[in-house]
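1. sequence and predicted structure below; questions after.
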Amino acid sequence: MPIGIFILVSVIKSVIVLFVLLTAVAYTVWLERKVVGHMQNRWGPTRVGPFGLLQPAADGLKFLFKEDLTPPHVYKPLFLAAPMMAVIFALTSISVIPFGNSIQLFGYSIPLQITDVNIGLLLILGITSMGVYGVALAGWSSNNKYSLLGGLRASAQMVSYEIALGLSLVGVLIQSGSFSLRDIVEAQGGRFLYIIPRWNIFHGQLIGFFVYLMAAYAETNRIPFDLPEAETELVAGYHTEYSSMKFAMFFMAEYANMITVACLATLLFFGGWHGPLFGPSLMRAVLPVFWFIAKVFCFLFLYIWVRGTLPRFRYDQLMSFGWKFLLPLAIANLVATAIVVAG
Amino acid sequence: MSFHLILFLLFGAVSVGGAINLLAQRHPINSALSLIAVMAALAGDYLLLGAEFVAAVQLIVYAGAIMVLFVFVIMLLNAGVEEETKGSRVAILVGVPGMLIGGVLVAWVVLRRSGTEAVPIGAMPGHPIDIAQLLFHDFLLPFEVTSILILIAIMGAVVLASKPESAAGKVE
């Protein structure tokens, strides 16, 4: 493929993925308010549009037009940079996620992925580990003790759970023998006994998936691990001093991270875009992407379900759960997988 | 000029600029952030050279983990702006010429020994499989010995950080 067309294709893909991701972020917020509302015997948003479907647009406009307040005692350069960092890292990590197989267009084979590096998984881990800075610096630069405590909690929590997260993925890596997300998904094609799909979760990685799920909840600062923004103790944690669009950026980063984590769980444990294919050829081309999105949606729903169900951990419980239970479990899973694969 | 080379020079410029900014800044948190920018830009350069695994490790370990601890300590101690002393002026007066001379010397030696030919982009063994072959096959013993060394260091840190039992009993 010539370089000009390559750049054009990459730009178009980036714009499409960014658009879909930001729309998904907006509608995940809507879904969360709706689902949690119904769980608590409320309606959730109903006023703007049918079923409140235009609520995200209204919220976006509200965030844009609100006064952008910068408190006087903050450290300004970082106070402004922190939300940007949070959003940038959250949006960058989607760039190596494959959504489906390649498609043929104008004689070129175009993979449904912004870029396919052969260390895709490591790159995602690297970028998410950089995501800590947005939260930590927001807490510090706000010059407010609640914010600082929130930022400290967030960075300690993310650094601790990153280890369990990384180790939980090694089992999958051993089984597929590649860091490339595309190869990992390809390795999960086919079935056991004609019925059970050959997804990694049915292929001995149940414990790995459990550890990944727990660690992913902690990494994205979601209930039951949302200590960095525990309202009862810390007002709003690291984003106490933020208002209007800057606050919205943290919000967007959180939901974009949720979506990335859900995509990763789908790719690594639930066979990515693999699913039953049927119907005419056009449908066969679209179905893999549909299966991928359906699986990601299930994970997002699970996130919201958990949020509507579980209370928050205490901070010492969080730390001892991460270090004394999750980490040994991840190591045990790794050793067991290595023995089975070698044997 | 190829697209690769432009990107390479861009990342190189960011890392040099970040390094200069690291020295020029007075506030420790700004210096730490410049260092993160240097590390991330270096990771970009490694990626362009074809050393993908090294690039990812650079991001995860240096930019993502070690620098988080730096920032964490600066946040916890709430370290203020750096003070200038007589020593720092001497350091500038002696250090800048010294650095220049050292840099010229190194460049001279490198150019004399290797000729002017640069390493072609993507020529380094950087695929994860190559690295695994080196680490777990060719250099297995040194690798394992190093990991035991790190394990001992971790245990030492834990022993130093935990209070002696009698003192801990009195405090709480």
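-> Cool, the structure landed. Numbering: from 1, shown residues only, chains lettered A, B, ... in the order given.

2. how about the residues of chain B near chain A?
-> Contact residues, chain B versus chain A (CB under 8 Å from any CB of the partner chain): B:3, B:29-30, B:33, B:36, B:40, B:43, B:47, B:52-53, B:55-57, B:59-60, B:63-65, B:68-69, B:71-72, B:75-76, B:127-128. C-betas here are computed from N, CA, C, even on glycine.

3. now the buried members of those residues.
-> B:29-30, B:33, B:36, B:40, B:43, B:47, B:52-53, B:55-57, B:59-60, B:63-65, B:68, B:71-72, B:75, B:127-128 (16 or more other CB atoms under 10 Å in any protein chain shown).

4. residue A:168 against residue A:333, yeah?
-> Yes - contact status for residue A:168 versus residue A:333: in contact at 6.9 Å, counting by CB atoms under 8 Å.

5. between the two ends of stretch A:228-244, what distance do you get?
-> Chord length of stretch A:228-244, first to last residue, is 20 Å (CA to CA, to the nearest Å).

6. any idea which element the nearest residue to residue A:220 once chain neighbours are set aside lies in?
-> Spatially, and ignoring its direct neighbours in sequence, residue A:220 is nearest to residue A:257 (4.7 Å; CB to CB, 6 or more residues apart in numbering or on different chains). Taking DSSP states H and E as the criterion, residue A:257 maps to helix A:244-269.

7. so which elements touch the helix or strand where residue B:109 lies?
-> Following DSSP H and E, one finds residue B:109 within helix B:86-114. Under the contact criterion of 3 or more CB pairs under 8 Å, 6 or more residues apart in numbering or on different chains; DSSP states H and E, helix B:86-114 touches no helix or strand at all.

8. all helices of chain B, in order?
-> B:3-24, B:28-49, B:52-57, B:67-77, B:86-114, B:128-133, B:140-161, B:165-171 (DSSP state H).

9. how about a markdown table for those, with distance to residue A:190 and mean pLDDT added?
-> Shown next, in a markdown table, are the helices of chain B (distance: least, CB to CB, whole Å; pLDDT from 0 to 100):
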| stretch | distance to residue A:190 | mean pLDDT |
| --- | --- | --- |
| helix B:3-24 | 38 | 87 |
| helix B:28-49 | 33 | 86 |
| helix B:52-57 | 28 | 83 |
| helix B:67-77 | 41 | 82 |
| helix B:86-114 | 50 | 83 |
| helix B:128-133 | 24 | 81 |
| helix B:140-161 | 34 | 91 |
| helix B:165-171 | 57 | 54 |
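
10. surely the residue nearest to residue A:220 is in contact with residue A:131?
-> Yes - the criterion here is CB under 8 Å, and residue A:257 meets it with residue A:131 at 6.8 Å.

11. identify the contacts common to these two.
-> Common neighbours of residue A:257 and residue A:131, using CB atoms under 8 Å, 6 or more residues apart in numbering or on different chains, are A:90, A:93.

12. strands of the stretch 101-250 of chain A, start to end?
-> A:108-112, A:191-192, A:196-197 (DSSP state E, counting those that start in this stretch).

13. run me through the strand neighbours of the last one, direction for each.
-> According to DSSP bridges, the neighbouring strands of strand A:196-197, each with its direction, are strand A:191-192 (antiparallel).

14. chain center to the helix holding residue B:109: distance?
-> 19 Å (CA atoms, centre = their mean, to the nearest Å).

15. circling back to that earlier point, tell me how far the next helix or strand after the helix holding residue A:257 is from the chain's mean position?
-> Per DSSP H and E, helix A:244-269 leads on to helix A:281-309 as the next helix or strand towards the C-terminus. In terms of CA atoms, centre = their mean, the centre of helix A:281-309 is set 13 Å apart from its chain centre.

16. any idea which helix is longest in chain A?
-> Every helix in chain A considered (DSSP H), the longest is helix A:3-39.

17. report the contact partners of residue 32.
-> No chain in the question, so chain A it is. Applying CB under 8 Å, 6+ apart, the residues near residue A:32 are A:304, A:307.

18. meant chain B, my bad for not saying
-> Applying CB under 8 Å, 6+ apart, the residues near residue B:32 are B:67, B:70, B:71, B:74.

19. dump these to a markdown table, plus distance to residue A:191.
-> Putting these into a markdown table (distance: CB to CB, whole Å) gives the following:
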| residue | distance to residue A:191 |
| --- | --- |
| B:67 | 45 |
| B:70 | 49 |
| B:71 | 48 |
| B:74 | 53 |
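
20. closest one of the residues you listed to chain A?
-> Comparing the contacts of residue B:32 against chain A with CB to the nearest CB picks out residue B:71 as the nearest, at 5.9 Å.

21. can you pull out the helices in the stretch 101-250 of chain A?
-> For the stretch 101-250 of chain A, the helices defined by DSSP state H, counting those that start in this stretch occupy A:120-130, A:132-141, A:145-176, A:181-186, A:206-219, A:231-234, A:244-269.
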